[in-house]
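A.B. asks: this one's structure only:
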């Protein structure tokens, strides 16, 4: 069992100094802590070192030293600038190779590394708090943390964190670093950014991934499960399950497994919106402006759509005039409906206020797309919203 020794100085032989502790009472792995006016030093007793004393890095006991040596393994808060380079590795002396080049940064545990590139001279603020073989590397602007675990890595990441687990990674490419991303735990989870993805999270599970692309990949979440993936989708979520694949704006999906490929048998929900002010047919999008519902891969979708339209202004009609639709159908990636979608066009008389009877909600299909189109009325400001629920099967 290792013991901790608080000391007030390194050498001199006086009571309270590190070298005043009799070597005969010390065991390999004992620790000592020295708090000074400028910082904190951590020492570990190496019973077989035999190194020459060199204050403050190597301290030999004055009594019964043998080959026992106190080895400096870390510092905190040294230097008048509010911090310097820090590295703590159990059982290994601090050397030029093992000290991290990170301003105001700390690494504890075993064989952990923090390394910032030469352009970072003022803004490291990184920490590895425990664990083994964890790395924070190549970060121009740091402010990132690994809380623990084993073989976790932050690379080209800013304001990011991995808090536990095994083989988890938050990785950027060159200047396109991820921002404000987190992996809470689990195994082999990865947030990978090639386009500066932001605010993505994986809370746990196994082999889950969030990838950003030029199409998107921000503000997305995987809560857990296994082998789930968000690819290039903003505001997307996977709350659990297995073998889920999400690629559309705001998509939320679930699956309990696959036939062959990830995402080839799953359930999804999405929403879209638009505002109309006249009787022109207007397309609705998942993000309100341009993100269409794309049918990736040779899939067939069984869909249920719930749509709602409410007048909010204008010189005609009455505020809160309302219409709603429930539409059912199925569509192939080729753009062919299976049968005819039921419930499109003008609302049923029982599904609208009288003044909204002329409004229309329509669904069309073309190769690789489902389109949603709203038709309002002149001089009426109408807000439109729909939710679509999809059961998806990939046919090959």
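C.D. replies: Structure received. All values derive from a computational prediction rather than experimental measurement.

A.B. asks: looking only at pLDDT, what's the mean for stretch 200-217?
C.D. replies: Confidence for stretch 200-217, expressed as mean pLDDT, is 86.

A.B. asks: nope, stretch 171-190 is what I meant
C.D. replies: 84.

A.B. asks: what about residue 395, how many residues close to it?
C.D. replies: Here the number of neighbours of residue 395 (other C-beta atoms under 10 Å) works out to 11. Where C-beta positions appear, they are placed from N, C-alpha and C, glycine not excepted.

A.B. asks: Spit out the contact partners of the nearest residue to it once chain neighbours are set aside.
C.D. replies: Leaving aside its sequence neighbours, residue 395 sits nearest to residue 298 (C-beta to C-beta, 6 or more residues apart in numbering; 5.1 Å). Residue 298 is in contact with 333, 394-396, counting by C-beta atoms under 8 Å, 6 or more residues apart in numbering.

A.B. asks: one more time with 6 Å
C.D. replies: 333, 395-396 (C-beta atoms under 6 Å, 6 or more residues apart in numbering).

A.B. asks: for residue 286, same thing?
C.D. replies: Residue 286 neighbours (C-beta under 6 Å, 6+ apart): 249-250, 270, 272.

A.B. asks: Let's see that with 10 Å instead.
C.D. replies: Applying C-beta atoms under 10 Å, 6 or more residues apart in numbering, we find residue 286 in contact with 233-235, 248-251, 270-273, 292-294, 372, 386, 388.

A.B. asks: Against residue 213, how distant is it?
C.D. replies: Look at residue 286 and residue 213: by C-beta to C-beta, to the nearest Å, they are 16 Å apart.

A.B. asks: same thing with residue 249?
C.D. replies: Counting by C-beta to C-beta - residue 249 and residue 213 are separated by 13 Å.

A.B. asks: where do the contact lists of the two overlap?
C.D. replies: Common neighbours of residue 249 and residue 213 (criterion: C-beta under 10 Å, 6+ apart): 232-233.

A.B. asks: Tell me which of those two has more neighbours.
C.D. replies: For residue 249 versus residue 213, the count of surrounding residues by other C-beta under 10 Å is larger for residue 249: 24 against 14.

A.B. asks: Was I right to think that one contacts residue 270?
C.D. replies: Yes: using C-beta atoms under 10 Å, residue 249 is in contact with residue 270, at 7.7 Å.

A.B. asks: residues shared between the contacts of these two?
C.D. replies: Between them, residue 249 and residue 270 share the contacting residues 236, 286, 291, 293, judged by C-beta under 10 Å, 6+ apart.

A.B. asks: where exactly do the strands run in the stretch 1-150 of the chain?
C.D. replies: For the stretch 1-150 of the chain, the strands defined by DSSP state E, counting those that start in this stretch cover 4-7, 31-35, 40-46, 58-59, 69-76, 106-107, 113-115, 127-128, 135-137, 145-146.

A.B. asks: ok so, going back, filter the contacts of residue 286 to the buried ones?
C.D. replies: Taking 16 or more other C-beta atoms under 10 Å as the criterion, what is buried in the contacts of residue 286 is 233-235, 248-251, 270-273, 292-293, 372, 386, 388.

A.B. asks: Now residue 51. Nearest residue, chain neighbours left out?
C.D. replies: Nearest residue to residue 51, sequence neighbours excluded (C-beta to C-beta, 6+ apart): residue 58, at 4.8 Å.

A.B. asks: and that neighbour, how many residues sit next to it?
C.D. replies: Counted by other C-beta under 10 Å, the residues lying close to residue 58 total 19.

A.B. asks: For it, give its distance to residue 256.
C.D. replies: Going from residue 58 to residue 256 by C-beta to C-beta gives 59 Å.
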